[in-house]
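Enquirer: what's the 3D shape of this:
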Amino acid sequence: MDFFTVPTIAFGLLYCFFIISHDRRKILHVNVTSHPTSSWIVQQLREAFPFECTTKHSILDRDKKYGLEVWAAIRSPQINPVRTSFQSPWQNGVAERWVESCRRDLLDHVIAFNECRLRRLLSEYVRHYHEDRTHLGLEKGTPNGRHRSAGRGRVTSLPRLGGLHHRYDRAA
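Expert: Reported below is the predicted structural model:
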């Protein structure tokens, strides 16, 4: 789990919180706020893991937003929180690569107006990321396991993210 910031059209800052699974690079939860607090992060953890948590470890950086409430909430479902070293973003490389992909594929091309708009854009991007975007680390597969078309025929283009990206499939 980690945060990244996004500037708005009114020169404000929005904080994007996300939880990513390291095995398939799947985004488990994403949300946006203008004022992240410990209680808000605890609520996001409750929304991400409402019943049982299947993860054993959680990698956190040394941000002040992760107060004692967050540590208690993480430990309650038997998750082992692991802190990264000071100024060591490479220790959470999967999360850092997702932030870089999100910035390069989406946020470098659009300007966020407000929390609601950014939340909608991020949910569309996560859907694109899970279903359409291939990853070398997953042997050119997607986090949801999209299979390559073996058939022949006309190729159709399906616009994603308002036409910013496309998904290409074989016509039936």
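Enquirer: for the chain, just list every one of the strands.
Expert: With DSSP state E, the ranges of strands along the chain come out as 2-7, 13-21, 26-33, 57-60, 80-83, 155-160, 165-170.
Enquirer: determine the longest helix present in the protein.
Expert: In the chain, taking DSSP state H as the definition, the longest helix is helix 115-131.
Enquirer: and for that helix, what's in contact with it?
Expert: Outside helix 115-131, the residues that touch it by Cβ atoms under 8 Å, 6 or more residues apart in numbering are 6, 8, 14, 16, 26-27, 30-34, 98, 101-102, 105-106, 110, 112, 142-144, 146, 160-161, 165, 167. The way it works is simple: take the backbone N, C-alpha and C, and place the C-beta from them, glycine included.
Enquirer: give me the buried entries from those.
Expert: Among those, those buried by neighbour count (16 or more other Cβ atoms under 10 Å) are 6, 8, 14, 16, 27, 30-33, 98, 102, 105-106, 112, 142-143, 146, 160-161, 165.
Enquirer: any idea how many residues pack against the spatially closest residue to Asp169 that is not a sequence neighbour?
Expert: The shortest distance from Asp169 to any non-neighbouring residue, by Cβ to Cβ, 6 or more residues apart in numbering, is to Thr156 (5.6 Å). Neighbourhood size, Thr156 [other Cβ atoms under 10 Å]: 12.
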